[in-house]
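Novice: Structure of the sequence below:
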Amino acid sequence: MSAHPLEIPGHLTLTTGEGGLPKIRIESAFSRAEIYLHGAHVSHFQKHGEPPLLFMSAASEFAAGKPIRGGVPVIFPWFGPRDGYPAHGFARTTEWELVTTALLPNEAFQLVLHLPNSTGYQVEFVMTVGDQLSMELGVTNTSEQPFTFENCLHTYFHVRSISDISITGLSNVGYHDRIADVVTTEGHEPIRFEGEMDRVYFNTSATTEIVDPGLGRKIRIAKSGSQSTVVWNPWIAKSIRMPDFGDEEYIRMVCVESGNVADDQVTLSPGDRAVLAVVLSSESL
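Specialist: Numbering: from 1, shown residues only. Alright, predicted model coming up:
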């Protein structure tokens, strides 16, 4: 079988992934990554000599019409439930189109995917794989009316133990506690976990860090074009209720999500474009 014209031999290949879904595998001088066309979903990123940066559930369903559990789901054009429609929008269950691939001068690899069959707007997702993982979700309003949407890169991170990690960068930031349904303000201390957490921090463009003494590393989440940060861990009871998530997998993951949700939603005038950009990097403690 001949190679796909967008492959870069020895480095960027198109193959068949879980559930028979098309997958892109990238081997750079610094790292390894895997991206599914289903949902434009980054399912794996791992720097050489380090544990994986992203968490993937062993119970995830890889099937048409179903979201992939773990990695980086692309949330668009709404966040959370919506009556009569799929939760978190349709971008994460749509097969995207691979448009371009490139080897950059810094030896990183870049690929561009488009969300097909869009009316009134265009969406592209640019991923750059090197010693860090960069993601840019661009939305352009191609209609003659304002276009309002929510977006989020719903990133699952791999940690040694949820009870031992802390998250910095959100001190004194207001948030909506979606479990207690109250709005309050974060204190001065790093965020720690003692139970289920589902918080939407608003009006913040701050860089956050996951400090993981068990793995001896710090993960940095730098972002732009984003005013919301979501912090989530399902803990015990919710994990048991989730059919595509292992009962004890909550121990090894945390979601720190960058986007624009609720009151931070984006409204684009005709012809305008917005870019949600996230750069994930890691270093030893």
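
Novice: so what strands line up beside the longest strand seen in the chain?
Specialist: Ordering each strand of the chain by length in residues (DSSP state E) puts strand 273-284 first. Paired neighbours of strand 273-284 in the sheet (DSSP bridges): strand 133-141 (antiparallel), strand 217-224 (antiparallel).

Novice: Tell me the helices and strands packed up against the helix or strand just after the last one.
Specialist: The one in question is strand 217-224. The helix or strand immediately downstream of strand 217-224 is strand 228-233, counting by DSSP states H and E. If you count contacts as 3 or more C-beta pairs under 8 Å, 6 or more residues apart in numbering; DSSP states H and E, strand 228-233 packs onto strand 197-201, strand 253-260. The way it works is simple: take the backbone N, C-alpha and C, and place the C-beta from them, glycine included.

Novice: and the next element down the chain from strand 228-233?
Specialist: Using DSSP H and E, the helix or strand that follows strand 228-233 in sequence is helix 235-241.

Novice: ok, and what's touching that following helix?
Specialist: Residues outside helix 235-241 that contact it (C-beta atoms under 8 Å, 6 or more residues apart in numbering): 193, 195, 196, 197, 245, 246, 247, 248, 249, 250.

Novice: Distance to residue 10 added to the residues you listed, as TSV?
Specialist: Below are the contacts of helix 235-241 laid out as TSV (distance: C-beta to C-beta, whole Å):
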residue	distance to residue 10
193	41
195	47
196	44
197	42
245	35
246	35
247	40
248	38
249	34
250	38
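
Novice: ok, back up a step: which residues touch the longest strand of the chain?
Specialist: Here strand 273-284 makes contact (C-beta under 8 Å, 6+ apart) with 45, 47, 50, 53, 131-141, 151-153, 155, 216-226, 258-260, 266, 268.

Novice: Just the buried positions in it, please.
Specialist: Of all the residues in strand 273-284, those buried under the rule 16 or more other C-beta atoms under 10 Å are 274, 276, 277, 278, 279, 280, 281, 282.

Novice: do stretch 81-97 as well
Specialist: Within stretch 81-97, the residues that count as buried by 16+ other C-beta under 10 Å are 88, 89, 91, 92, 93, 94, 96.

Novice: Just put the residues you listed in TSV and tack on distance to residue 17 and pLDDT.
Specialist: Shown next, in TSV, are these (distance: C-beta to C-beta, whole Å; pLDDT from 0 to 100):
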residue	distance to residue 17	pLDDT
88	21	96
89	22	96
91	18	98
92	15	97
93	15	97
94	16	97
96	14	98
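
Novice: tell me which of those residues is nearest to residue 187?
Specialist: For those, the minimum distance to residue 187 (C-beta to C-beta) is 29.1 Å, reached by residue 88.

Novice: quick one, phi psi at the residue lying closest to the closest one once chain neighbours are set aside?
Specialist: Using C-beta to C-beta, 6 or more residues apart in numbering and skipping the chain neighbours, the partner closest in space to residue 88 is residue 75 (4.7 Å). Backbone torsions of residue 75, given as degrees, to the nearest 10, read phi -100, psi 120.

Novice: Quick one, grab the pLDDT at residue 75.
Specialist: Turning to residue 75, the model gives it a pLDDT of 98.

Novice: next one: residue 83
Specialist: 89.

Novice: Could you point out which residue ranges in the chain have low pLDDT?
Specialist: Applying pLDDT under 70 to the chain picks out residues 1-2.

Novice: so who does residue 233 touch?
Specialist: Listed by C-beta under 8 Å, 6+ apart, the contact set of residue 233 reads 162, 193, 196, 197, 250, 253, 254, 255.

Novice: Could you work out the most separated pair of those residues?
Specialist: Among the contacts of residue 233, 196 and 253 lie farthest apart (C-beta to C-beta), at 12.9 Å.

Novice: Nearest to residue 174 among the contacts of residue 233?
Specialist: Comparing the contacts of residue 233 against residue 174 with C-beta to C-beta places residue 197 closest, at 15.8 Å.
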